[in-house]
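Undergrad: Quick check, what structure comes out for this input:
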Amino acid sequence: MSQLYSNRQLIFSDDNNDKESISVIILETFDTSSSYGLYLWPCSPILAQFIWYNRNDFIGKNILEIGAGTSLPGLVAAKIGAQNVVLCDNPKIDQWLSLINETLKMNSMIADRIRIESLNWYDEKSIDTLIKKYFPSNIDIIIGSDIFFHKKDFETIIALLDKLFLNENASIKFIGTIERRSRSTMLKLNHLIGIWNMKLEIIPLSYFNGETIYPNIVAGHDILLFFIMKDNIKE
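TA: Below you'll find the model as predicted:
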């Protein structure tokens, strides 16, 4: 790998069971001319911690991570026993494919449990290709870390989720993390959630020890973890 890349090891464990833990190595770059997506943002370990803490709900499941970037949450899902994990990001992101393939080698991942796919949520053909390949029966949970970054993208991402939800049963959900970078962040997201006939549920970080995970990465950032689901209750 280029000298612009560095690796970071993250360990997820339980305070009351030192023997039960997993270690994940990710590669990242601080060269923002390549992409902001190839850097470990604070939202990522929070989502990864949620998956680790609730691992019994992910074991044997098929997981789709959209806007995967360094893919920490997806890698944690794979390591705790998800049946299949599909990692997606924009094919236009320079070096993402090489970075994630090298990351998988460093984690000794089982090749037949990880899928790498291209997904540009502004490209209908890209979305349709993913849907035809994995929906309606091959995805149980959709995850995404800090994908609600630029407000101009919010509705496009909600529209993508709507398409994925419509190709599944009512039980599928999106589990994500977001950083409140301004007062309007959640105002805009909640507004769009209502327009698109969805519902949003915020999960307190204290419910899964998320408020204490990796303070050197997360401290000082106002991060929320939430579920988004299709609201099938009609007025």
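
Undergrad: I147 against F154, yeah?
TA: No - applying C-beta atoms under 8 Å as the test, I147 and F154 come out as separate, 9.5 Å apart. No exception for glycine: its C-beta is placed from N, CA and C like everyone else's.

Undergrad: of these two, who's got more company?
TA: Neighbour count, other C-beta atoms under 10 Å: between I147 and F154, I147 has more, with 25 against 19.

Undergrad: which element is the residue nearest to that one when sequence neighbours are not counted on?
TA: Of all residues not flanking I147 in the chain, G67 sits nearest, at 3.9 Å (C-beta to C-beta, 6 or more residues apart in numbering). Counting by DSSP states H and E, there is no helix or strand that carries G67.

Undergrad: my read: G67 touches H150, true?
TA: No - G67 lies out of contact with H150 (C-beta under 8 Å); the separation is 11.4 Å.

Undergrad: Those two: who's more crowded?
TA: Comparing G67 with H150 by other C-beta under 10 Å, the one with more neighbours is G67, at 24 against 10.

Undergrad: List the contacts of that one.
TA: With contacts defined as C-beta atoms under 8 Å, 6 or more residues apart in numbering, the neighbours of G67 are 37, 88-90, 144-147.

Undergrad: Show me what the worst-scoring helix or strand of the chain on mean pLDDT is packed against.
TA: Least confident helix or strand, the chain: strand 17-29 with a mean of 82, by mean pLDDT, DSSP states H and E. When contacts are defined as 3 or more C-beta pairs under 8 Å, 6 or more residues apart in numbering; DSSP states H and E, strand 17-29 packs onto strand 5-14, helix 72-80, helix 96-106.

Undergrad: and among the ones you listed, the most buried is which?
TA: Here the criterion is mean neighbour count by mean count of other C-beta atoms under 10 Å, and of those the winner is helix 72-80, at a mean of 26.
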